[in-house]
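Q: When you get a sec, could you give me coordinates for this:
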Amino acid sequence: MHTYHVSVPAQTKHRYPVIVGSSSDVAWDTEISALQDADRIAVLYDSGIRSIADSIAARWSNTTLFAIPSGESSKSMQRAEQLVQDMLVAGMTRRSAIINVGGGMVTDLGGFVASIFMRGICFVNVPTTLLAMVDAAIGGKVYVNAGPVKNMIGHVWHPQAVLVDTDTLRHLPDALLADGLVEVVKMASVGDAEFFGWLEEHMADILARGDSLITAIEQAARLKAEAVSSAEDDSQRLLLNFGHTIGHALESLSGFRLSHGQAVSIGMSCELALHPCPDGARIRCLLETLGMPIDFPAETNSHAVWDLMRHDKKAEGGAVHIAVPLCVGSGSVVPLDRGVFLQAFS
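A: Below is the predicted model:
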């Protein structure tokens, strides 16, 4: 018997820009170089924002548009496979690229498709919801849902660029604005005490879509980029899961009737109740200012929530872990006991 060893090449690392500003000011061909050499470009877009996708696709002569029905149910293996088939019919190759235009559903699904199409092609994210601008579109986590279980199939495949087009904020419904601001509050809670204090002072102007909104986006995008860039041991990035262990389970059990922001807001409040910190009241107050729910839903079965939490990516050996702030601006990942959870929320 002979044994041979294969030396696996290190994964290629690259830096990519997160550009915050008006799309009309961006020199696409020079600032987003991945699109220069693409033989074809697929523009994947949420079906509710066709006009934005059209304006982007019009910049090139070699684009094909693919509409994705709105809603979390589109983030599935079935949809991913259909997109791969449609891209093959459209003549896309390993030299092609994808531009994802939409919210987190589109950037997650489109990034996942880019990662598996012909062993991986380049993609660019153009997030059009605040939640995607500050979180989902940045960081390279690309995945689809496994039935009712959120974000179970996927891996890490980074975009070549992220263009946060602030022009799209004019058309963003108030509910989606608040959804995204939950993620902004989350990042400040575990990563930047000074930014959290600034949010408390400026939230009224942010909700009114004043100049403070752009500053909030820039600071949240900075925090996400720093967490991704420094996460050699993944510890800093894991803190960004604050509110998501309970939140993802609640979102799934609701049949996605709870929005992501609503579910994470409840998750943050519940995780603070399980692991109190001296600034917990400030965090909850800011969430309530957004009009977000913070109480565990009375009609929800806590045993079912726990069962879903056991499948969370931070779970180890069946043990559930949650990311929580120790005080505003810093946090830790701590284990969660089943009995404590069920006693708190039964």
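Q: what separates residue 140 from residue 14, distance-wise?
A: 10 Å (Cβ to Cβ, to the nearest Å). Glycine gets a C-beta too; all of them are placed from N, C-alpha and C.
Q: Return every residue with contacts to both of those two.
A: With contacts taken as Cβ atoms under 8 Å, 6 or more residues apart in numbering, residue 140 and residue 14 have residue 158 as neighbours in common.
Q: Mind checking which of these two has more residues around it?
A: residue 140 (14 against 9; other Cβ atoms under 10 Å).
Q: wouldn't the more buried one be in contact with residue 228 here?
A: Yes - using Cβ atoms under 8 Å, residue 140 is in contact with residue 228, at 7.1 Å.
Q: any low-confidence regions in the stretch 201-346 of the chain?
A: For the stretch 201-346 of the chain, applying pLDDT under 70 flags the ranges 231-235, 313-315, 317-318.
Q: can you give me the strands for it?
A: Taking DSSP state E, counting those that start in this stretch as the criterion, the stretch 201-346 of the chain carries its strands at 320-327, 330-336.
Q: Just put these in JSON lines and tack on mean neighbour count and distance to residue 147.
A: As requested, those are exported to JSON lines (neighbours: other Cβ atoms under 10 Å; distance: least, Cβ to Cβ, whole Å):
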{"stretch": "strand 320-327", "mean neighbour count": "21", "distance to residue 147": "20"}
{"stretch": "strand 330-336", "mean neighbour count": "17", "distance to residue 147": "24"}
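Q: With distance to residue 66 as new columns, can these be given to me in CSV?
A: As requested, these are exported to CSV (distance: least, Cβ to Cβ, whole Å):
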stretch, distance to residue 66
strand 320-327, 35
strand 330-336, 38
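Q: Nearest approach to residue 48 belongs to which of these?
A: Closest to residue 48 of these, according to Cβ to Cβ: strand 320-327, at 31.9 Å.
Q: how does this structure divide up, domain by domain?
A: According to automatic domain parsing, the chain comprises the domains 18-171, 174-345.
Q: Save these as a markdown table, and put in distance to residue 8 too.
A: Output for the domains of the chain, formatted as a markdown table (distance: least, Cβ to Cβ, whole Å):
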| stretch | distance to residue 8 |
| --- | --- |
| domain 18-171 | 15 |
| domain 174-345 | 18 |
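Q: Which one of these lies nearest to residue 9?
A: Per Cβ to Cβ, nearest to residue 9 of these: domain 18-171, 13.7 Å.
Q: quick one: terminal-to-terminal distance for that closest one?
A: End-to-end distance of domain 18-171 (Cα to Cα, to the nearest Å): 21 Å.
Q: Quick one: distance of that domain to the chain centre.
A: 13 Å (Cα atoms, centre = their mean, to the nearest Å).
Q: Contacts for stretch 182-197 next, please.
A: Contacts with stretch 182-197, where a contact means Cβ under 8 Å, 6+ apart, come from 130-131, 134-135, 199, 216-217, 219-220, 223-224, 226-227, 236, 239-240, 242-243, 261-262, 264-265, 268, 279, 282-283, 286-287, 290, 292, 323-325, 327-331.
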